[in-house]
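A.B. asks: For reference, the sequence and a predicted model appear below.
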Amino acid sequence: MSAPKNPAATLFVRSDQLSFEQLVSNHMMYTEGKFTKMATGRDWYNASAHAVRDYLIEKSSQTIDNNYEQDPKRVYYLSLEFLIGRTLSNAALNLGVQTELREGLMALGQSLESIEEMETDAALGNGGLGRLAACFLDSMATLNVPGMGYGIRYEYGMFNQRIENGQQVEHPDNWLRYGNPWEFQRPERLYPVRFMGHVVDFSTGPGSVGHHWVDGETVMAMAYDVPIPGYATETVNNLRLWAAKAPREFDLDSFNAGDYIGAVQEKEVVESLSKVLYPNDSSAMGKELRLRQEYFFVSASIQDILHRFLSRHSDLSLLPEKVAIQLNDTHPAIAVAEMMYQLADIYHVKWDKAWHMVTRIFSYTNHTLMPEALETWSVEKFERVLPRHLQIIYQINHDFLEQVNHQFPGDTDLLRRVSIIDENNGRRVRMAYLAIVGSHTVNGVAAIHSDLLKTTLFADFHRIYPKKFINVTNGITPRRWLNQANPQLTELITSRIGNGFVQDLAQLQRLVPYAEDAGFRKQFRAVKQANKVHLAKVIEKKLGIIVDPDSLFDVQIKRIHEYKRQLLNVLHVITLYNRIRSGQTQGVTPRTVIFAGKAAPGYKTAKLIIRLINDMASIINNDPAVGGLLKVVFYPNYDVSSAEKIFPASDLSEQISTAGTEASGTGNMKMALNGALTIGTLDGANIEIGEEVGADNIFIFGMTTAEVAGLRARGYNPSVHYDNNAELRLVLEMINHGFFSVEEPDRYRALYDNLTQYGDHYMLLADYASYVATQEQVSALYLDQEEWTRRAILNVARMGKFSSDRTIREYADKVWKVRHSQSQ
């Protein structure tokens with residue numbers, strides 16, 4: 001008698017041999033343990049995610065096998081953030097199964113769109129840095145670049161932002177509350193990470209000294225893998241995230257003695273390392289936790305890279321031929337010292353040979369032009385937390401300064417300026433300098449940013465290493481930011497030029513003639529209007545604010561920071577409000593001004609700006625004199641999923657940082673790709689966007705970088721603008737005297753003082769008149785919908801340069817020296 005048939009056996013059939021109706025039904029029964037008639041929305045999401053994941057697993061296994069057989073040089077992308085957003089829709093799109101998934105769910109009486117809304121955004125990042133890293137992983141897989149990302153598996157995101165009484169209030173972002181069907185725990189990938197202790201020196205022979213790092217604390221790093229599929233390719237790469245684990249679960253002696261809290265205290269303290277993204281570092285303990293986080297993920301990643309290499313190779317000298325490590329900003333810069341520690345102390349490679357290897361492995365991307373944003377650590381703290389690594393950095397610095405002294409003899413001031421150890425500000429370790437010295441290539445992320453790195457921030461290093469600095473302009477993945485975020489626009493474009501642009505964004509250039517086609521312009525407007533109607537419904541449901549989809553959607557969504565100048569936008573909004581109140585309404589274009597973004601918990605000024613936006617919105621939105629001419633919205637808890645709703649609905653993209661402060665920006669690219677016109681300064685990637693779309697199709701205002709520097713050198717006096725501009729003066733006095741905070745008139749005195757008494761560091765007042773005048777041009781053009789639409793189409797058509805596929809090709813060719821699917 002044959003054994004009864006096992007219904008679960010269907011789970012072991014290749015996923016492409018089953019319909020999605022079968023796959024989802026199987027996972028509902030055998031993964032979720034539910035009958036479909038008892039399933040909740042979250043059950044349907046989990047079953048759908050596991051069905052798509054089956055495809056990922058098969059392609060991931062094949063990718064691993066291929067890499068093992070071919071043994072290519074691999075790229076390892078180290079980043080403290082990966083803002084990957086939701087995975088279900090993106091994975092289904094890239095795998096080419098989105099239609100089948102939708103139809104399978106329909107057959108089961110479910111909607112893919114409603115199921116997608118059940119997924120929580122992966123809270124593995126905060127802003128542009130993390131989103132860029134996610135775009136890069138997508139493009140690496142799409143271009144078949146063998147590589148993977150390394151980061152931290154934060155249990156909680158930065159925070160869940162709620163607006164209470166107009167103020168940002170931080171709540172825990174427990175994104176893993178319901179588990180994560182996209183990750184695979186790898187308990188066999190467990191590495192010890194050491195902190196504290198001390199270093200013992202010992203003789204290894206005549207004139208040779210070895211070093212042994214002893215005692216201290218040990219934290220275990222456990223791997224969790226998240227597969228990253230490429231678009232229309234067989235490649236599925238990997239994002240490996242590290243979670244901190246205690247060496248032992250709890251102290252049994254303490255437990256048996258009745259000290260139940262003490263029994264688990266060590267576990268709680270140790271595992272706090274991967275608990276929260278970016279702890280508030282305004283305190284000494286917060287700063288130390290940040291340093292520990294950075295070293296924790298870097299050490300685990302370097303150990304893992306070496307383990308993978310040594311599983312195939314016995315000769316460590318081959319490491320630079322098989323390994324390329326990209327440092328995404330200064331957070332992982334300690335990797336330079338960690339690799340030296342592993343090679344010299346653990347694997348006993350001679351110092352000079354190890355350093356020669358290190359400087360052929362690492363490359364460093366800088367993301368800032370502001371000296372204060374370059375990470376530094378006090379020598380005292382560094383020595384206490386990482387005593388051996390401070391010794392290694394001292395040695396690297398000694399050797400480097402000897403080289404500089406030989407190259408520029410007698411220039412002691414140069415030695416002081418480029419030393420990795422800053423001796424003039426309380427003795428601090430300058431991590432960006434460590435990254436530069438330890439890397440073979442340093443790149444900026446926009447043409448002007450890279451030029452300014454060479455002429456200002458890192459001018460001395462450019463003298464020393466003139467060939468080390470290059471530019472690789474940032475890009476965005478069109479799969480997430482066009483196909484997924486804006487399916488109606490994608491469908492319209494495809495109807496005219498086919499879908500080749502998804503893999504080759506330069507093909508959008510073929511849309512240029514359609515800007516002159518009245519029928520196409522009408523369809524383009526209809527898509528934009530539908531997206532605006534959708535966003536208006538979301539805003540009403542979420543905030544109770546009714547906005548007019550026919551109004552100009554004026555959008556500034558990004559991290560709240562003084563240099564990004566949300567406050568300049570506020571000054572303009574109040575100016576419009578005053579004009580409307582005074583009856584200057586002829587020719588006024590109705591506007592909905594939308595802000596979104598988080599302020600760092602310890603950044604008081606940024607949080608005060610958020611409160612002013614909300615107080616201003618409360619007054620303006622409830623003033624009957626305004627009618628339907630002006631609305632203000634602060635969209636809370638901005639994340640990737642929010643961005644996917646806002647970008648397609650945007651008419652005007654606010655990119656208004658002070659010239660010379662924004663490295664690149666990618667929100668500007670995403671909005672332009674979705675048919676928004678940009679108002680911006682000649683800063684970051686705005687310059688290159690302007691070059692691509694044409695000067696007539698972008699609104700540029702304000703001072704240039706050179707003009708900002710010149711004005712600052714001459715002595716900037718903001719009171720000149722205050723005294724000579726009556727509209728500006730009225731706006732500032734309204735803020736200062738409590739017009740928007742009657743119950744607390746002095747609430748915004750600090751913002752007023754920063755602008756008028758304390759130097760207006762980011763020169764809002766200097767750019768105000770130009771900004772307001774340019775906004776008048778925006779309003780006038782928007783009244784001519786045919787011309788506005790024509791220019792919007794040209795923005796979309798000329799965004800081909802800003803694909804992250806192009807960016808990754810440049811990294812692969814110029815920096816990593818690895819092959820990709822479009823290699824010549």
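C.D. replies: Sure thing, it's come through.
A.B. asks: right, and residue 178 touches residue 43 too?
C.D. replies: No: between residue 178 and residue 43 there is no contact under CB atoms under 8 Å: 10.5 Å. Bear in mind the C-beta positions are built from the backbone N, C-alpha and C, glycine included.
A.B. asks: More neighbours: which of the two?
C.D. replies: The residue with more neighbours, out of residue 178 and residue 43, is residue 43; 20 against 13, by other CB atoms under 10 Å.
A.B. asks: tell me which element the more buried one is part of?
C.D. replies: helix 41-70 (DSSP states H and E).
A.B. asks: Name the next helix or strand downstream of that helix, please.
C.D. replies: Next element after helix 41-70 (DSSP H and E): strand 74-78.
A.B. asks: list the helices and strands that next one packs on?
C.D. replies: helix 128-142, strand 147-152, helix 284-310, strand 323-328 (3 or more CB pairs under 8 Å, 6 or more residues apart in numbering; DSSP states H and E).
A.B. asks: Can you mark which positions in it are buried?
C.D. replies: Residues of strand 74-78 classed as buried: 74, 75, 76, 77, 78 (neighbour count, 16 or more other CB atoms under 10 Å).
A.B. asks: Repeat that for stretch 203-215.
C.D. replies: Quick answer for stretch 203-215 (16+ other CB under 10 Å): 211, 213.
A.B. asks: Just name the shakiest helix or strand of the protein by mean pLDDT.
C.D. replies: helix 252-256 (a mean of 57; mean pLDDT, DSSP states H and E).
A.B. asks: Low-confidence regions, this structure specifically.
C.D. replies: Residues of the chain meeting the criterion pLDDT under 70: 1-17, 249-265, 279-280, 282, 823-824.
A.B. asks: the strands in the stretch 601-750 of the chain, which residues?
C.D. replies: All strands of the stretch 601-750 of the chain, identified by DSSP state E, counting those that start in this stretch, fall at 630-635, 652-655, 677-680, 699-700.
A.B. asks: partners of the first one in the sheet?
C.D. replies: For strand 630-635, the paired strands and their directions (DSSP bridges) are strand 591-596 (parallel).
A.B. asks: do the third one as well
C.D. replies: As defined by DSSP bridges, the strand partners of strand 677-680 come to strand 652-655 (parallel), strand 699-700 (parallel).
A.B. asks: Could you name the stretch from these that's closest to residue 334?
C.D. replies: Closest to residue 334 of those is strand 652-655 (CB to CB; 32.7 Å).
A.B. asks: measure the residue most central in space within the chain to residue 653 for me?
C.D. replies: Nearest residue to the geometric centre of the chain (CA atoms, centre = their mean): residue 130, 2.4 Å. Distance of residue 130 to residue 653, given as CB to CB, to the nearest Å: 20 Å.
A.B. asks: what helices or strands is the helix or strand harbouring residue 240 leaning on?
C.D. replies: Using DSSP H and E, residue 240 falls within strand 236-245. Using 3+ CB pairs under 8 Å, 6+ apart, the elements in contact with strand 236-245 are helix 41-70, helix 128-142, strand 147-152, strand 184-195, strand 217-229, helix 260-271, helix 284-310.
A.B. asks: Go through the ones you listed and name the closest to residue 393.
C.D. replies: Smallest distance to residue 393 across those (CB to CB): 12.4 Å, for helix 284-310.
A.B. asks: follow-up on the earlier one: and the strands of the stretch 601-750 of the chain as CSV, adding distance to residue 350?
C.D. replies: Converted to CSV, those look like this (distance: least, CB to CB, whole Å):
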stretch, distance to residue 350
strand 630-635, 57
strand 652-655, 50
strand 677-680, 52
strand 699-700, 55
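A.B. asks: Could you identify which of the ones you listed is most buried?
C.D. replies: The highest mean neighbour count among the strands of the stretch 601-750 of the chain, using mean count of other CB atoms under 10 Å, belongs to strand 652-655: a mean of 28.
A.B. asks: got the contact list for that one?
C.D. replies: 552-556, 569, 662, 665, 667-668, 671-672, 676-681, 683-684, 686, 778 (CB atoms under 8 Å, 6 or more residues apart in numbering).
A.B. asks: switch to 6 Å and redo it
C.D. replies: 554, 556, 569, 668, 671, 676, 677, 678, 679, 680, 686 (CB atoms under 6 Å, 6 or more residues apart in numbering).
A.B. asks: How much space separates the second one from residue 66?
C.D. replies: The one in question is residue 556. Taking CB to CB, one finds residue 556 at 44 Å from residue 66.
A.B. asks: So for those two, which residue has more residues nearby?
C.D. replies: residue 556 (25 against 14).
A.B. asks: Now do the strand or helix carrying that one: which elements does it pack against?
C.D. replies: For residue 556, the enclosing helix or strand under DSSP H and E is strand 552-557. Applying 3 or more CB pairs under 6 Å, 6 or more residues apart in numbering; DSSP states H and E, one finds that strand 552-557 contacts strand 591-596.
A.B. asks: got the angle for the strand it packs on vs strand 552-557?
C.D. replies: Relative orientation of strand 591-596 versus strand 552-557 (axes from the mean of the first three to the mean of the last three CA atoms, to 10 degrees): 20 degrees.
A.B. asks: hmm, back to that, quick one: list the elements packing against the helix holding residue 43.
C.D. replies: Using 3+ CB pairs under 6 Å, 6+ apart: helix 41-70 touches helix 20-30, helix 88-95, helix 112-116, strand 217-229, strand 236-245.
A.B. asks: Of all those, which one is nearest residue 690?
C.D. replies: With distances scored as CB to CB, the stretch of these nearest to residue 690 is helix 88-95 (30.0 Å).
A.B. asks: Number of residues surrounding the closest residue to residue 563 other than its chain neighbours?
C.D. replies: Excluding its sequence neighbours, the residue lying closest to residue 563 (CB to CB, 6 or more residues apart in numbering) is residue 661, at 4.3 Å. Using other CB under 10 Å, residue 661 is surrounded by 25 other residues.
A.B. asks: Then the one 3 residues further on?
C.D. replies: Neighbouring residues of residue 664 were enumerated by other CB under 10 Å; the total is 26.
A.B. asks: re the thing from before, distance to residue 294 for the strands paired with strand 677-680 - can I get that in CSV?
C.D. replies: Converted to CSV, those look like this (distance: least, CB to CB, whole Å):
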stretch, distance to residue 294
strand 652-655, 30
strand 699-700, 38
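A.B. asks: Compare these and give me the one nearest residue 805.
C.D. replies: Of all the strands paired with strand 677-680, it is strand 652-655 that lies closest to residue 805, at 21.9 Å by CB to CB.
A.B. asks: re the thing from before, if you count neighbours, what's buried in the strand holding residue 240?
C.D. replies: Applying 16+ other CB under 10 Å to strand 236-245 flags 236, 237, 238, 239, 240, 241, 242, 243, 244, 245 as buried.
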